[in-house]
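> fold the stuff below for me.
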Amino acid sequence: MKKFTEFPFEIPEADRKLDAKDYVNARAQIESMLPITFGKEIRVLILTDRLPGCARGLFEYLSNSADITAHMVYAIKDVRRAQRFRSFDFLIIVGMLEKRENYESIEAVLKKNPYTRVIMYAYLDWTIQDVCERYGIGETYHRDAPMEGFVSYMRQKQNPCETRQ
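Below you'll find the model as predicted:
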C-alpha cells in the first residue's frame, strides 16, 4: 500500500502525531470490517484542510463499504469541482477547518441539494460546539468513536426523500 503523505497544504506540527495516529486507527478498523451492504447508495463528500490523515482514514474506511461512494477534498474550489456532476447525501467536515472560506462549502453543498446532512467529525469540545453553532453545522460525531458506528449513524440519518442529481 502506498504511503499517503502528499497533501496540498502544510500540517501544523502539533497536529501531525495525532493525525497519524487517527490514520493508523482507521486502517486497523478497515482490516476488521465486515462486508455488509444495506441497499441504497450513500454519497459522501469529506472536507478537511487540517487533518488529512484522519480524513484519509475515514475516506478509506467509507470507500471499503460497498454501498458508500466517498470523495475527499481540501478546499472550497475542490468542493465546487466535485459537485459539477453529482450531489451528496453527507458533507463530513473533519476537524475544525483552518481557512474560514472553506466553511462556504456548507452553503455550496446545500444549494445543490438542500437535503444534504452536514456532520462535524472531530474531537467534541466547546471549541467545536462554537464552530458548529457559528456555521450552522447541526450534527457532530466524535472521531475517536468506532467508524462502524459512524456508518450506522449515516444510514439512520439518510433522508429518504432527498433529490438526486
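> from Pro146, how far off is Arg86?
From Arg86 across to Pro146, the span is 28 Å (CB to CB, to the nearest Å). The C-beta positions use only the backbone N, C-alpha and C, and glycine is treated the same way.
> between the two, which has more neighbouring residues?
Per other CB atoms under 10 Å, whichever of Arg86 and Pro146 has more neighbours is Arg86, with 14 against 11.
> the more buried one belongs to a strand?
No - Arg86 is assigned coil when assessed by DSSP: H, G, I helix; E, B strand; the rest coil, not a strand.
> ok, it touching Arg43?
Yes - if you go by CB atoms under 8 Å, Arg86 and Arg43 touch, sitting 6.4 Å apart.
> and the helices in the protein?
Along the chain, counting by DSSP state H, helices occupy 13-31, 52-63, 76-82, 104-112, 126-135, 147-157.
> nearest to Phe90, out of those?
Evaluated over the helices of the chain, closeness to Phe90 peaks at helix 147-157, with 5.9 Å, by CB to CB.
> could I get the CA-only coordinates of the closest one as PDB?
The C-alpha trace of helix 147-157 is given here as PDB (Å, rounded to 0.1, in the frame of the first residue of the first chain):
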ATOM      1  CA  MET A 147     -16.100   4.000  12.300                       C
ATOM      2  CA  GLU A 148     -18.600   1.200  12.100                       C
ATOM      3  CA  GLY A 149     -20.900   3.200  14.400                       C
ATOM      4  CA  PHE A 150     -20.400   6.200  12.200                       C
ATOM      5  CA  VAL A 151     -21.600   4.300   9.100                       C
ATOM      6  CA  SER A 152     -24.600   3.100  11.000                       C
ATOM      7  CA  TYR A 153     -25.300   6.700  12.100                       C
ATOM      8  CA  MET A 154     -25.200   7.800   8.500                       C
ATOM      9  CA  ARG A 155     -27.500   5.000   7.300                       C
ATOM     10  CA  GLN A 156     -30.000   6.000  10.000                       C
ATOM     11  CA  LYS A 157     -29.800   9.700   9.100                       C
END
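> what is it packed up against?
Helix 147-157 sits against helix 13-31, strand 42-47, helix 52-63, strand 117-122, strand 139-142, with contacts defined as 3 or more CB pairs under 8 Å, 6 or more residues apart in numbering; DSSP states H and E.
> how about CSV for these, with distance to Met72, mean pLDDT and mean neighbour count added?
Compiled in CSV, the helices and strands packed on helix 147-157 are given as follows (distance: least, CB to CB, whole Å; pLDDT from 0 to 100; neighbours: other CB atoms under 10 Å):
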stretch, distance to Met72, mean pLDDT, mean neighbour count
helix 13-31, 12, 68, 15
strand 42-47, 4, 94, 23
helix 52-63, 4, 91, 23
strand 117-122, 12, 96, 23
strand 139-142, 17, 95, 16
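> thanks again, I'm all set now.
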